[in-house]
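Below are the sequence and a predicted model for it; my questions follow.
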Amino acid sequence: MAILLFLLWIIWNGKVNAEILLFGVALTVLVLLFAIKVLGYSLESERRFWRNFPLFLRYALVLVKEIFKAAWAVARLAYSPEGKPAPVIVEFHSGLPTDFQNALLANSITLTPGTFTLIQEGDRFVVHCLRREYAEGIEDSAFVQLLGKVKL
């Protein structure tokens, strides 16, 4: 993080001289101290982030793919003369251990067209779906599988 902050400082200044470098080092130290003291930053949390980064990148790609697939399905439903929503509410437990993983899952479900997370308490979810088929396999979706692999 220190290197990233320092490089960001240099990029924003647009030029490099001794004064900018020294001031950048001082500001980087101050920002790091602030992050440690107030935001709870630690090298261990950064190590965990980089260890899980490939999974989060894969998760983001799966999320975008699922958003497009669901948007296409909802658009077909909306423009089909015989297609009518048949809303259903499903309840399931994700089995994910942390609040972070469960909150990320809840937000991903809500971002996906045709589904909306109504309640998320721990690993318990109540989800509204426009059609029953949108709810099929939700408790063992690619989202849950990928989030289950994250080591926090």
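Yep, that arrived. Numbers count the residues shown, from 1 in each chain.

Leu96: what's it in contact with?
Residues in contact with Leu96 (Cβ atoms under 8 Å, 6 or more residues apart in numbering) are Asn102, Leu105, Asp123, Val144, Leu147, Gly148. C-betas here are computed from N, CA, C, even on glycine.

my guess is the fifth one contacts Leu105, does it?
Yes: under the criterion of Cβ atoms under 8 Å, Leu147 lies in contact with Leu105, with a separation of 5.8 Å.

anything in contact with each of these two?
Ser94, Leu96.

quick one: the strands in the protein?
88-93, 115-121, 124-129 (DSSP state E).

What residues sit buried inside the last one?
By neighbour count, with 16 or more other Cβ atoms under 10 Å as the criterion, the buried positions of strand 124-129 are Phe125, Val127, His128, Cys129.

how is this protein carved up into domains?
The chain breaks down by automatic domain parsing into domains covering 2-37, 43-149.

winner for burial among those domains?
domain 43-149 (a mean of 15; mean count of other Cβ atoms under 10 Å).

what about it, average pLDDT?
For domain 43-149, the mean pLDDT works out to 93.

gap between the two ends of that domain?
Separation of the first and last residues of domain 43-149 by Cα to Cα, to the nearest Å is 21 Å.

Let the chain start at 47 from now.
Sounds good: first residue 47 from here, last item domain 89-195.

And the residue with the largest distance to the centre of the chain, how close does it get to Val75?
Distance to the chain centre peaks in the chain at Ala64, reaching 39.8 Å (criterion: Cα atoms, centre = their mean). Using Cβ to Cβ, to the nearest Å, Ala64 is found at 17 Å from Val75.
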